[in-house]
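Student: Please find the sequence and the predicted model below.
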Amino acid sequence: MGSKLPLLFVFVMLFGLTSANPSKMRKPYTPCKNLVLYFHDILYNGMNAENATSAIVAAPQGANLTKLAPQFNFGNIVVFDDPITLDNNLHSTPIGRAQGFYIYDTKNTYTSWLSFTFALNTTSHQGTITFAGADPILKKTRDISVTGGTGDFFMHRGIATIMTDAFEGEVYFRLRVEIKFFECW
Amino acid sequence: MGSKLPLLFVFVMLFGLTSANPSKMRKPYTPCKNLVLYFHDILYNGMNAENATSAIVAAPQGANLTKLAPQFNFGNIVVFDDPITLDNNLHSTPIGRAQGFYIYDTKNTYTSWLSFTFALNTTSHQGTITFAGADPILKKTRDISVTGGTGDFFMHRGIATIMTDAFEGEVYFRLRVEIKFFECW
Amino acid sequence: MGSKLPLLFVFVMLFGLTSANPSKMRKPYTPCKNLVLYFHDILYNGMNAENATSAIVAAPQGANLTKLAPQFNFGNIVVFDDPITLDNNLHSTPIGRAQGFYIYDTKNTYTSWLSFTFALNTTSHQGTITFAGADPILKKTRDISVTGGTGDFFMHRGIATIMTDAFEGEVYFRLRVEIKFFECW
């Protein structure tokens, strides 16, 4: 017992000196459950009513609802009902729907804020996962919070890491979401 | 010790074979607190300003704000401040207010997405309960997440089961909410 | 064992008789982490595009987007991207951004409902904190829920106590937020 303490002390000192960011020293938690899913957003632009899965429903003064607002879309609210797939193919059989909204909320760069639910409905996954958080879309990966779940995800909490997997102009984008649950029931 | 293992193995095998849906095997958690409440939503339609408790504030291109949008109301955002009662009578003394918003978010059926808070203010219940989740309103019961609480519901989490208890056209609806807390403090 | 039971019974009886409000008996939890921060909201009024940090993006029928709605602003949705500072000076170096939205949601008094994220980005704090809850703005202090966190606030939960620290007409307000985490990881 007495001989372990000094060793631990040396280790902590070394670790502390080599790490600029104290958050890097966080305990390496292992997820109790892990999912990788894709969802596909096709924004209504006034001409694609058939295929669109989302629509601009609010905008600041002077903007309209078939075109994202000037100043980095600041103030636009988009409501969506997007198909969720297991791979990155828009035409794969959906395993559920991503439902909720996002906001563009910065006037000098592109950032969004998201609040939505994955409603999954397959033999392997039945239930909902609800998310919320800031989404600085120009960064390669962004972490948002999993704030609740129902069904197979009863009372779960965790972190979702979002990546923009593809986009085409302002009309189509595809997000890859890695959901890591750290509280399972 | 050695004789218990094979028995457990047989039990797991049997259980696995008789259950089509693994989620059915979930441990039967018992709520640490339980509440049944009703809330009442009267949507502003341009003529009922006196009685209305909610209003359409956003809609997609081409829709207006005194009538729910075409295509299953897709894209409407409704802000509400609804009375909460202990029974299903709109005229009972309210015990608090349900405040927040809902979105209609599917273009080929009726589904909504909710994010709101119960602000309770009686001698028996003081505090707030915050909810979020998908609400496929045509289903008899829907589960959403309780993501947080304050006051008497400090740090609580749980599941709320919502039922449409009554509705009159597009103007009035009443929801029955059974709140089951599984994390109490 | 037999002699402890009656004593406990007497204690419970006494306690029950002297307390009118059972919630007052709650265990005095101590936060595992505590932060006091300020954020500053400058609402776009049609003439301050340069300085504004927020904009009205939705309103009920008959209202416009450069002026808060009549009837206590009922139905307005405001999207914001506000600087966060360590003290109450708008011109202090921001340590992050408060991003999300608020709703005015009562037609006979001023109350709002908030859902937003603190995105912090300094050497001492890296990560996000997500909040949601009812904000009866005329009360001196209001409690909302911390529903999730990422980075340094990985999986954290807690309560945020909000105070209106200052306001100037309808254009500027400053909120003091004391964040008390009761679940840290």
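Tutor: Thanks, I have it.

Student: what's the spacing between the nearest residue to A:Pro94 once chain neighbours are set aside and B:Gln126?
Tutor: Excluding the flanking residues, the one nearest A:Pro94 by CB to CB, 6 or more residues apart in numbering or on different chains is A:Pro83, at 3.8 Å. Just so you know, the C-beta spots here come from the backbone N, C-alpha and C atoms, and that holds for glycine as well. Here the distance between A:Pro83 and B:Gln126 works out to 43 Å (CB to CB, to the nearest Å).

Student: just A:Tyr172 next, same as before
Tutor: Here the distance between A:Tyr172 and B:Gln126 works out to 48 Å (CB to CB).

Student: Ramachandran angles for the residue of chain A found nearest chain C?
Tutor: Chain C sits closest to A:Ser145 of chain A, with a gap of 2.6 Å, by CB to the nearest CB. In terms of degrees, to the nearest 10, the main-chain angles of A:Ser145 are phi -100, psi 140.

Student: so who does it touch?
Tutor: By CB atoms under 8 Å, 6 or more residues apart in numbering or on different chains, the residues touching A:Ser145 are A:131-133, A:157-160, C:128, C:130, C:147-150.

Student: Please repeat the previous calculation with a cut-off of 7 Å.
Tutor: When the contact criterion is CB atoms under 7 Å, 6 or more residues apart in numbering or on different chains, the partners of A:Ser145 are A:Phe131, A:Ala132, A:Gly133, A:Ile159, C:Thr130, C:Thr147, C:Gly148, C:Gly149, C:Thr150.

Student: What of A:Ile84?
Tutor: If a contact means CB under 7 Å, 6+ apart, then A:Ile84 has A:Leu37, A:Tyr38, A:Phe39, A:Pro94, A:Ile95, A:Gly96, A:Arg97, A:Ala98, A:Phe118 as its contacts.

Student: okay, those residues in a markdown table with pLDDT and secondary structure next?
Tutor: A markdown table is the format used below for the contacts of A:Ile84 (pLDDT from 0 to 100; DSSP: H, G, I helix; E, B strand; the rest coil):
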| residue | pLDDT | secondary structure |
| --- | --- | --- |
| A:Leu37 | 98 | strand |
| A:Tyr38 | 98 | strand |
| A:Phe39 | 97 | strand |
| A:Pro94 | 97 | coil |
| A:Ile95 | 97 | coil |
| A:Gly96 | 97 | strand |
| A:Arg97 | 97 | strand |
| A:Ala98 | 98 | strand |
| A:Phe118 | 98 | strand |
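
Student: Would you reformat the residues you listed as CSV and include neighbour count and distance to C:Leu90?
Tutor: Formatted as CSV, these follow (neighbours: other CB atoms under 10 Å in any protein chain shown; distance: CB to CB, whole Å):
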residue, neighbour count, distance to C:Leu90
A:Leu37, 21, 42
A:Tyr38, 23, 42
A:Phe39, 24, 39
A:Pro94, 18, 47
A:Ile95, 19, 47
A:Gly96, 23, 44
A:Arg97, 24, 42
A:Ala98, 29, 37
A:Phe118, 28, 39
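
Student: which outside residues touch stretch A:51-69?
Tutor: When contacts are taken as CB under 7 Å, 6+ apart, the neighbours of stretch A:51-69 outside the stretch itself are A:40-46, A:70, A:74-83, A:170, B:58-61, B:74-75, B:77, C:44, C:46, C:55, C:57-58, C:65-66, C:77.

Student: Distance from the chain centre to it, please.
Tutor: 21 Å (CA atoms, centre = their mean, to the nearest Å).

Student: for the contacts of A:Ile84, which one is nearest A:Asp105?
Tutor: Checking the contacts of A:Ile84 against A:Asp105 by CB to CB gives A:Ala98 as the nearest, at 19.2 Å.

Student: Run through the strands of chain A in chain order.
Tutor: If you assign secondary structure with DSSP state E, the strands in chain A sit at A:33-42, A:54-58, A:77-85, A:96-104, A:112-121, A:126-135, A:142-151, A:157-168, A:172-183.

Student: lowest-confidence stretch among these?
Tutor: Within the strands of chain A, the least confident segment by mean pLDDT turns out to be strand A:54-58, at a mean of 92.

Student: Output it as PDB, nothing but the C-alphas.
Tutor: Only the C-alpha atoms of strand A:54-58 are listed here, as PDB (Å, rounded to 0.1, in the frame of the first residue of the first chain):
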ATOM      1  CA  SER A  54     -38.200  19.500 -44.300                       C
ATOM      2  CA  ALA A  55     -39.400  23.100 -44.700                       C
ATOM      3  CA  ILE A  56     -38.400  26.500 -43.500                       C
ATOM      4  CA  VAL A  57     -41.200  27.700 -41.300                       C
ATOM      5  CA  ALA A  58     -39.800  30.800 -39.700                       C
END
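
Student: And the residue of chain A that's closest to chain B?
Tutor: A:Gly148 (2.6 Å).

Student: In the sheet, which residues pair with the closest residue to that residue other than its chain neighbours? Tell me.
Tutor: When the adjacent residues along the chain are set aside, A:Gly148 lies closest to B:Ser145, with 2.6 Å between them (CB to CB, 6+ apart). When bridges are assigned using DSSP bridges, the partners listed for B:Ser145 are B:Ala132, B:Ile159.

Student: How much space separates B:Ser145 from C:Leu86?
Tutor: In this structure, B:Ser145 lies at 33 Å from C:Leu86, with CB to CB as the measure.

Student: got the residues of chain A near chain B?
Tutor: Counting by CB under 7 Å from any CB of the partner chain, the residues of chain A close to chain B are A:44, A:46, A:55, A:57-58, A:65-66, A:77, A:79-81, A:99-101, A:115, A:117, A:119, A:123, A:126, A:128, A:130, A:147-152, A:154-155, A:185.

Student: List the single closest residue to the residue most central in space within chain A in space, sequence neighbours excluded.
Tutor: To find the centre residue of chain A, average its C-alpha atoms and take the closest one (CA atoms, centre = their mean): that gives A:Ile162, at 4.3 Å. The spatially closest residue to A:Ile162, leaving aside those adjacent along the chain, is A:Arg142, at 4.9 Å (CB to CB, 6+ apart).

Student: ok, now which ones touch the closest residue to A:Phe153 other than its chain neighbours?
Tutor: In space, and not counting its chain neighbours, A:Phe153 is closest to A:Gly127: 4.7 Å by CB to CB, 6+ apart. The contact partners of A:Gly127, by CB under 7 Å, 6+ apart, come to A:Leu120, A:Gly149, A:Thr150, A:Gly151, A:Asp152, A:Phe153.
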